[in-house]
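*Asks:* sequence unavailable; structure follows:
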Ligand SMILES: Cc1ncc(COP(=O)(O)O)c(C=O)c1O
């Protein structure tokens, strides 16, 4: 599958740019759930659509190429991809997992896997000594999400992969926030890269999907067995939506990242903002690691306002972004992690991880950045009235 094109060109000119039967420049959507077999003794490539579907397969090929892995898998959601990959573990195995992991992954690990005898240790993965201390004789998996959600901490992927190899364990990296456009975990040593393709990869807030890409053919075979056994596959219509979204990944991310840098600086300079979390700011604690393993800091940032009342007034006054769960879309999305992505996390654990009641996460879309800055500036001005009253009281 490899060729000499750049990532940007490969988004468009890959093995699936033309339908070999009709010449169509869009991958055909194959709805068939089953396929006629003309020979009783040897079946064709496709037999039943859970096991294989040409539209899904096109997406699986494309994402494998973009992540530079050997095989891709498409699932009905990011959580389906993550949960299926966890099925590679067995009873009595132990997982070392980043402590500010996505809330759904936190729920899966802490409330579901434990019932099957798979234990875990949540750890601050930016602290390699803490990671080493968390390792147990039965540690079989290191689970990384970087930059993390929503406090944008950066884990040194190379260092974790080395530790994992020393302990005969696997490394999974959730690459949802950066996508292979900005970071390629398999090239840094990871075994499986996971995605909520609901986000930047599809990019238009119109599909829920998950992807996994594996580096090693033997591991790929095991994951294929689990994809078919568990059965949480992506439907052909949704696979097509992700394929279409992927074509514009480069231009979308390019624009959003440039805007995110300007917005991070804008919030950083504002007196009502306590803290900005964005690995593209030079004072971010893992700025150098981010520079060494990714080509940019991405299009998601978080900021903590002075208090909850100010945060509420701000949210009530912003006009452009949608206020919603999710990220990685053409429209900017403002989220409230405490009640959205991290609602499943007990409050004390949440606050301990910096996910306070005044923290907001912003996924920067394709609007003109000056319009966004004006909107945020006006909303902060309204919030400042609350601040002045609070200061007087
Ligand atoms: C980093 C990350 N990983 C995984 C998921 C889960 O993906 P999905 O919602 O597609 O199941 C999300 C969803 O927000 C996410 O942000």
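*Replies:* On my side now, so go ahead. Predicted model, so just to flag it, every value in this text is computed and none were measured. Numbering: from 1, shown residues only.
*Asks:* which element follows the helix or strand of the chain with the lowest mean pLDDT toward the C-terminus?
*Replies:* Ranked by mean pLDDT, DSSP states H and E, the weakest helix or strand in the chain is helix 347-352, scoring a mean of 87. The helix or strand immediately downstream of helix 347-352 is strand 359-363, counting by DSSP states H and E.
*Asks:* now that next one: average pLDDT?
*Replies:* Averaged over strand 359-363, pLDDT sits at 98.
*Asks:* do the same with stretch 383-393
*Replies:* Mean predicted lDDT for stretch 383-393 stands at 81.
*Asks:* for the residue in the stretch 101-250 of the chain positioned nearest to the ligand, list each beta-bridge partner.
*Replies:* Residue nearest to the ligand within the stretch 101-250 of the chain (C-beta to the nearest ligand atom): residue 196, separated by 3.0 Å. Using the backbone N, CA and C atoms, a C-beta is placed for each residue, glycine as well. Beta-bridge partners recorded for residue 196 (DSSP bridges): residue 210.
*Asks:* count of neighbours near it?
*Replies:* 29 (other C-beta atoms under 10 Å).
*Asks:* tell me the contacts of the residue of the chain found nearest the ligand?
*Replies:* Nearest residue of the chain to the ligand, counting by C-beta to the nearest ligand atom: residue 78, 2.3 Å away. If you count contacts by C-beta atoms under 8 Å, 6 or more residues apart in numbering, residue 78 has them with 104, 176, 194-199, 208-210.
*Asks:* give me the buried positions along the helix ranked longest in the chain.
*Replies:* Taking DSSP state H as the criterion, the chain has its longest helix at helix 369-392. When neighbours are counted by 16 or more other C-beta atoms under 10 Å, the buried residues of helix 369-392 are found to be 369, 372-373, 375-376, 379-380, 383-384, 386-387.
*Asks:* pLDDT below threshold where in the protein?
*Replies:* For the chain, the stretches with pLDDT under 70 are 1-3.
*Asks:* now do 80
*Replies:* By pLDDT under 80, the low-scoring segments of the chain are 1-3, 344-345, 386-387, 390, 393.
*Asks:* tell me the residues on it that lie near the ligand, please.
*Replies:* Selection of the chain residues close to the ligand by C-beta under 6 Å from any ligand atom yields 77-79, 102, 104, 145, 149, 174, 176, 196, 198, 208, 210, 341.
*Asks:* quick one: which of the residues you listed is nearest residue 38?
*Replies:* For the residues of the chain next to the ligand, the closest approach to residue 38 (C-beta to C-beta) belongs to residue 210, at 33.7 Å.
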